[in-house]
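Chemist: what shape does this take:
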Amino acid sequence: MTPTVPPGRLRPVRNRRPAWEEPPTAAGQTAKGAVLTGVVLAVLIPLWVVLVTSVSSRETINAAGGLVVVPREIDLSAYRIIFSGGQITQALLITSLVTLAGTAVSLTVTVLAAYGLSRPGSLGHRGLLFYFLLTFLLYPGLVPSYLVVTGLGLKDSLWSLILPSALSVFNLVVVRAFFQNIPGELMDSARVDGAGEFRILWRIVLPLSKAVIAVVGLFYAVGYWNVWFTALLYIDDNEKFPIQRVLQSFILAGLSPQQSGTAMGTALPPTLAIKMAVVVVTVAPIAMVYPFLQRHFTRGVLIGAVKG
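Modeler: Numbering: from 1, shown residues only. Prediction:
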């Protein structure tokens with residue numbers, strides 16, 4: 001007879017190593033820990049230096065000869081300059097607007113296209129899928145894209161930062177693969193009850209696809225938040241510059257705080273502190289959102305991509 005174990009003494013089964021995989025050695029574990037520690041430090045140290053320099057006073061920056069590693073005096077005047085109005089504040093508002101509107105447009109287009117291409121009986125889905133996949137191999141190039149944008153009258157418009165990159169074929173393929181993994185019986189039962197395609201998409205498909213929607217939405221949001229080259233091509237008005245374009249002109253072109261919209265006649269913090277503060281403000285929103293969506297990456301992208 002097979003011995004029985006009392007329910008109160010059951011223990012969770014731990015993940016066991018496959019038979020063909022050798023147990024880790026002490027040297028291997030030490031080397032892996034050293035490499036991972038080095039990678040983490042290589043990421044955190046520059047971020048720490050940028051953050052500390054942005055809140056350092058003029059005396060601390062002068063004593064350090066530039067970038068500050070050890071904080072001494074905390075001075076938030078650089079952030080007060082940024083959020084007091086002017087071009088930097090305007091650029092932050094424009095970037096936020098472009099990110100929100102662009103992400104909404106891109107998610108809408110991607111979800112609708114992916115749902116249509118994931119249905120085997122949809123009209124012309126094979127030809128359309130081949131057309132989308134063909135863009136992986138054939139890219140029109142910079143000059144044709146510029147001519148199309150200017151020909152449509154989008155030059156110097158915020159739509160020029162959204163529409164040219166409204167659809168990512170990679171994200172489309174990932175979302176389509178995820179939709180194909182949803183059991184077809186759910187959709188068939190909804191059709192029997194009289195539901196249309198849009199109701200099936202809204203009530204069944206989207207609630208089951210929150211993970212992939214969150215991940216793809218993060219991809220789009222990061223792309224729109226970091227838009228720079230598109231703004232360099234299509235935006236000429238300084239009042240419509242996104243934050244990355246302002247950051248580029250502020251750091252590389254060496255614009256002074258007065259030229260960036262700061263009020264005249266005020267005691268200005270060090271230019272280096274303002275530059276680092278702009279970098280912090282540019283990086284902080286995405287860095288704050290990413291931890292909340294990171295848990296969806298494996299389920300939302302890897303599972304859908306592998307099974308698709």
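Chemist: helices along the stretch 101-250 of the chain, start to end?
Modeler: Assigned by DSSP state H, counting those that start in this stretch, the helices in the stretch 101-250 of the chain fall at 125-134, 142-151, 169-180, 184-192, 197-200, 206-208, 210-225, 229-234, 243-251.
Chemist: for residue 78, phi and psi?
Modeler: Main-chain dihedrals, residue 78, degrees, to the nearest 10: phi -60, psi -40.
Chemist: same question, residue 74
Modeler: For residue 74, the backbone dihedrals (degrees, to the nearest 10) come out as phi -90, psi 120.
Chemist: that one: neighbour count?
Modeler: Number of residues near residue 74 (other CB atoms under 10 Å) recorded here: 10. (C-beta placed from N, C-alpha, C; glycine too.)
Chemist: next up, the contacts around residue 248.
Modeler: Contact analysis of residue 248 by CB atoms under 8 Å, 6 or more residues apart in numbering lists 228, 232.
Chemist: repeat that with 7 Å
Modeler: Neighbour list for residue 248: residue 228 [criterion: CB atoms under 7 Å, 6 or more residues apart in numbering].
Chemist: can you tell me the closest non-neighbouring residue to the most centrally placed residue in the chain?
Modeler: Per CA atoms, centre = their mean, the C-alpha nearest to the average position across the chain is that of residue 222, at 2.5 Å. Nearest residue to residue 222, sequence neighbours excluded (CB to CB, 6 or more residues apart in numbering): residue 286, at 5.6 Å.
Chemist: what does residue 280 give?
Modeler: Distances taken as CB to CB, 6+ apart place residue 54 nearest to residue 280, at 5.2 Å, with adjacent residues excluded.
Chemist: what separates residue 77 from residue 64, distance-wise?
Modeler: As judged by CB to CB, to the nearest Å, residue 77 and residue 64 stand 17 Å apart.
Chemist: and stretch 163-179, what's buried?
Modeler: Within stretch 163-179, the residues that count as buried by 16 or more other CB atoms under 10 Å are 163-168, 171-179.
Chemist: got a list of contacts for the helix or strand residue 59 falls within?
Modeler: In the assignment (DSSP states H and E), residue 59 maps to helix 58-64. Applying CB under 7 Å, 6+ apart, the contact partners of helix 58-64 are 53, 68, 72, 73, 269, 270, 272, 273.
Chemist: ok, how many other residues are close to the first one?
Modeler: The number of residues packed around residue 53, counting by other CB under 10 Å, is 25.
Chemist: that one: what's it in contact with?
Modeler: The contact partners of residue 53, by CB under 7 Å, 6+ apart, come to 61, 67, 68, 272, 273, 276.
Chemist: buried subset of those residues as a PyMOL selection?
Modeler: This is how PyMOL selects the buried members of the contacts of residue 53, with burial counted by 16+ other CB under 10 Å:
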select buried, resi 61+68+272+273+276
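Chemist: out of the contacts of residue 53, who's nearest residue 148?
Modeler: Minimum distance to residue 148 across these is 38.0 Å, recorded for residue 276 (CB to CB).
Chemist: against residue 217, how distant is that closest one?
Modeler: Using CB to CB, residue 276 is found at 29 Å from residue 217.
Chemist: before we move on, back to that, the contacts of helix 58-64 in helices, which ones?
Modeler: Counting by DSSP state H, the contacts of helix 58-64 place 53, 272, 273 in helices.
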